[in-house]
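>>> below is the sequence, then the predicted model.
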Amino acid sequence: MNRTVKEAAQVLGIRENALRAWLRNFGALNDDGTLAAKHIGGGKLFMEPRVTQPRHLGHRKHYAVLKVTEQGLDWVAKHMGIEIKEVPQKDSAA
């Protein structure tokens, strides 16, 4: 199950900003929040492209969301020295 950085931080028991800062210091994220080239296709982190069309803009806006895989969650926890005791399930409602 892939999680956003916010959801991954909740599982790890830390704040989202702390996780993003750690990922930057570790070299997994660039300064602008995008995934560093050496981690693309590694199976731990990935960028999910999304699109929205705000009415006030009148055209589509493309953006990407950083996601963490289950393997990536274990990898981050190991490197941060955090023991994951319970992984809450994401809501199944879509």
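That came in fine, so what should we check first?
>>> now the residue nearest to residue 70 when sequence neighbours are not counted: how far from residue 69?
The spatial neighbour of residue 70 that comes closest, neighbours along the chain excluded (Cβ to Cβ, 6 or more residues apart in numbering), is residue 1 at 6.1 Å. The way it works is simple: take the backbone N, C-alpha and C, and place the C-beta from them, glycine included. Computed as Cβ to Cβ, to the nearest Å, the residue 1 to residue 69 distance reads 8 Å.
>>> which one of these two is surrounded by more residues?
More neighbours surround residue 69 than the other of residue 1 and residue 69, with 17 against 10 (other Cβ atoms under 10 Å).
>>> where do the helices sit along this structure?
Secondary structure of the chain (DSSP state H): helices at 5-12, 16-26, 70-80.
>>> can you mark which positions in the last one are buried?
Right, helix 70-80. For helix 70-80, burial by neighbour count (16 or more other Cβ atoms under 10 Å) applies to 72, 73, 75, 76, 77.
>>> farthest-separated two in those residues?
72 and 77 (9.5 Å; Cβ to Cβ).
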